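Q: No letters, just coordinates:
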C-alpha cells in the first residue's frame with residue numbers, strides 16, 4: 001500500500017478511474033450485445049447508432065483504443081446490413 005501522500009492520492013484516483021471505466025465498458029458491451037441479438041429486426045439500425053455513439057464516446061475517454069472501436073463498429077454495421 002502507498003505510504004507517501006502523493007502515492008495515496010494516485011491510488012484513490014486510480015480506483016475512481018477503474019470504477020468509471022468498468023461502468024463504461026459494461027454499458028458498451030450491453031449495447032453491442034443488443035445490436036447483435038436484434039440483427040434482422042427493424043430497430044437494429046437504431047440500436048446500432050446508439051452503440052456506435054457509446055463506443056465513440058468511450059474511445060475519446062480512453063477506455064477503448066481507436067482501432068478496437070473502429071473494428072467493432074465495422075463488424076456491427078456489416079452484421080446489420082447483411083441481415084436486413
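A: Thanks, I have it. Since this is a predicted model, take the numbers as computed values, not measurements. Numbering: from 1, shown residues only.
Q: Could you point out the longest helix of this protein?
A: Ranked by number of residues, the top helix in the chain under DSSP state H is helix 5-37.
Q: C-terminal to that helix, which secondary structure element comes first?
A: Sequence-wise, the next helix or strand downstream of helix 5-37 (DSSP states H and E) is helix 44-61.
Q: between that following helix and helix 5-37, how many degrees?
A: For helix 44-61 and helix 5-37, the angle between their directions (axes from the mean of the first three to the mean of the last three CA atoms, to 10 degrees) works out to 160 degrees.
Q: Run through who's touching helix 44-61.
A: Helix 44-61 is contacted from outside by 24-25, 27-28, 31-32, 34-35, 38, 64-66, 69, 72-73, 76-77, 80, 83-84, using CB atoms under 8 Å, 6 or more residues apart in numbering. From N, CA and C alone the C-beta is placed, and that goes for glycine too.
Q: Could I get the buried residue list for that helix?
A: Judged by neighbour count using 16 or more other CB atoms under 10 Å, the buried positions of helix 44-61 are 44, 47-48, 51-52, 54-55, 58-59.
Q: what's the nearest residue to residue 40 once chain neighbours are set aside in contact with, if anything?
A: Counting by CB to CB, 6 or more residues apart in numbering, the nearest residue to residue 40 once its immediate chain neighbours are dropped is residue 83, at 4.0 Å. Listed by CB under 8 Å, 6+ apart, the contact partners of residue 83 are 39-40, 44.
Q: Can I get those in CSV including pLDDT and distance to residue 6?
A: Putting the contacts of residue 83 into CSV (pLDDT from 0 to 100; distance: CB to CB, whole Å) gives the following:
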residue, pLDDT, distance to residue 6
39, 89, 49
40, 88, 54
44, 94, 49
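Q: Go ahead and confirm residue 76 touches residue 36.
A: Yes: when contacts are counted by CB atoms under 8 Å, residue 76 is listed as touching residue 36 (7.4 Å).
Q: ok, these two, which is more surrounded?
A: Between residue 76 and residue 36, counted using other CB atoms under 10 Å, residue 76 has the larger neighbour count: 21 against 15.
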